[in-house]
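> A predicted structure for the sequence below; I have some questions about it.
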Amino acid sequence: MAQAKTDNSTPAPAVSSRRGFLARAAVVAAGGAALGVALPLPVSAGEAERVPDPIMVAIEAHKVAAAANVAAHKRYSVFENELADNERLQRDRRLADETRLGEEIETAINEASHFEEVAAYALLDIDPTTMAGLVALLTYAIDHDDANHGIGWPEAIGLAEEPGTRSWQYFVIDKLASVLPKYAGVGMTAIQITSIKGPPEGCELWSGGAIKNGASLRWFIELDGSSPYVMEEDVRCRHIDKDGDWRYCFMKIDPPEGTKEAILTAIRGALS
């Protein structure tokens with residue numbers, strides 16, 4: 001697998017068509033994997049093991065870093081608007097405290113951009129340990145790029161042992177080629193439980209995430225023999241709110257065939 005030189009901070013030039021392969025891969029296994037405890041999907045049939053996938057943590061870390069970067073830029077926009085209202089947008093017309101504040105915000109932007117870049121490199125250094133984690137990485141790679149008009153990820157990343165540079169997406173595709181064979185033979189038509197959350201105090205309701213035919217699901221169930229309550233994400237409603245956080249929409253659906261059995265099996269595995 002190709003190794004990226006992640007100690008560089010070269011500014012990324014815009015590249016227009018870089019996501020075709022990721023998009024096609026997402027058609028096979030798309031859908032935002034729910035965060036929490038991921039259940040691995042081994043090649044051979046076996047009992048589910050309660051194992052956290054480190055890529056989920058890395059994705060969340062990048063989301064936090066990206067949101068901080070957005071917030072820093074928004075702060076500068078507000079600052080510039082105030083300067084423009086007072087006809088002091090030009091640097092040589094600013095008051096001393098405005099000059100200091102501008103420099104402070106610019107420093108914060110540089111730091112936030114650096115931390116987001118480091119978090120993006122971390123996603124290249126960590127291999128998903130579950131199919132759910134792999135799907136989550138691919139889905140997030142596309143979502144973040146879409147939210148940033150196709151330039152959401154670092155460009156011109158140096159190769160550790162070869163001359164030249166590659167895009168961040170190149171290394172994700174390389175990772176996919178390396179990791180995906182581990183899941184050869186895993187059926188993509190069956191419902192796959194991706195996370196489990198135990199009932200809160202005083203409640204009997206278990207919940208979690210799942211994937212079915214590429215769709216992201218949320219489920220809720222009580223261990224009294226009743227049928228699970230299932231919701232499916234409407235990807236058309238995905239958006240980033242004013243605080244820079246991703247928002248998702250779910251709608252109730254009839255539980256897919258095998259949902260109850262898959263959930264109960266996963267819960268038994270988590271309890272064992």
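Now that the structure is in, tell me what you want to look at. Residues are numbered from 1 along each chain as shown.

> tell me the helices in the stretch 1-150 of the chain, going along the chain?
Assigned by DSSP state H, counting those that start in this stretch, the helices in the stretch 1-150 of the chain fall at 20-28, 54-85, 96-125, 131-147.

> With W219 as the reference, name the closest of those helices.
For these, the distance to W219 is smallest for helix 131-147, at 13.8 Å, taking CB to CB. C-betas here are computed from N, CA, C, even on glycine.

> what helices or strands is that closest one leaning on?
Helices and strands touching helix 131-147, by 3 or more CB pairs under 8 Å, 6 or more residues apart in numbering; DSSP states H and E, are helix 20-28, helix 54-85, helix 168-179, strand 192-197, strand 205-212.

> Just put those in CSV and tack on distance to E103 and mean neighbour count.
Below are the helices and strands packed on helix 131-147 laid out as CSV (distance: least, CB to CB, whole Å; neighbours: other CB atoms under 10 Å):
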stretch, distance to E103, mean neighbour count
helix 20-28, 39, 13
helix 54-85, 11, 17
helix 168-179, 30, 18
strand 192-197, 44, 24
strand 205-212, 44, 22
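
> Of all the ones you listed, which one comes closest to A136?
Closest of the helices and strands packed on helix 131-147 to A136 is helix 54-85, at 6.0 Å (criterion: CB to CB).

> Direction-wise, compare that closest one with helix 168-179 and give the angle.
Angle, helix 54-85 to helix 168-179, by axes from the mean of the first three to the mean of the last three CA atoms, to 10 degrees: 170 degrees.

> Relative to the whole chain's centre, how far out is helix 54-85?
Relative to its chain's centre, helix 54-85 lies at 16 Å (CA atoms, centre = their mean, to the nearest Å).

> which non-adjacent residue is nearest D254?
Distances taken as CB to CB, 6 or more residues apart in numbering put V230 closest to D254, at 7.4 Å, once the chain neighbours are dropped.

> So that neighbour belongs to a strand, correct?
Yes: applying DSSP: H, G, I helix; E, B strand; the rest coil, one finds V230 inside a strand.

> which residues does it contact?
V230 makes contact with 210, 217-220, 252-256, 259 under the criterion CB atoms under 8 Å, 6 or more residues apart in numbering.

> Could you identify the buried members of those?
210, 217-219, 255-256, 259 (16 or more other CB atoms under 10 Å).

> Name the nearest of the residues you listed relative to A266.
A210 (8.9 Å).

> returning to that earlier point: among the buried ones among the contacts of V230, which lie within helices?
Assigned to helices by DSSP state H, the following of the buried ones among the contacts of V230 qualify: T259.

> Which of the buried ones among the contacts of V230 sits closest to A177?
Set against A177, the nearest of these by CB to CB is A210 (26.0 Å).

> and the gap between the closest one and V135?
11 Å (CB to CB, to the nearest Å).

> Over to K260?
To V135, K260 is 22 Å away according to CB to CB.

> Check L271 too.
25 Å.

> tell me which residues form a beta bridge with R218?
G209, M231 (DSSP bridges).

> Show me where the stretch 101-250 of the chain dips below the pLDDT cut-off.
183-189 (pLDDT under 70).

> list the contacts for K212?
Taking CB under 8 Å, 6+ apart, we find K212 in contact with 190-192, 256.

> one more time with 10 Å
Residues near K212 by CB atoms under 10 Å, 6 or more residues apart in numbering: 31, 188-192, 230, 232, 253, 255-259, 262.

> Straight-line length of stretch 152-167, end to end?
Distance between the two ends of stretch 152-167: 11 Å, counting by CA to CA, to the nearest Å.

> what's near enough to touch E111?
Applying CB under 10 Å, 6+ apart, the residues near E111 are 68-69, 72.

> Please report how far it lies from P255.
47 Å.

> can you check I211 too?
Going from I211 to P255 by CB to CB gives 14 Å.

> mind pulling up the phi and psi values for D243?
Here is the backbone geometry of D243 (degrees, to the nearest 10): phi -90, psi 0.

> Just list the residues touching it, thanks.
Contact analysis of D243 by CB under 10 Å, 6+ apart lists 67, 70-71, 74.
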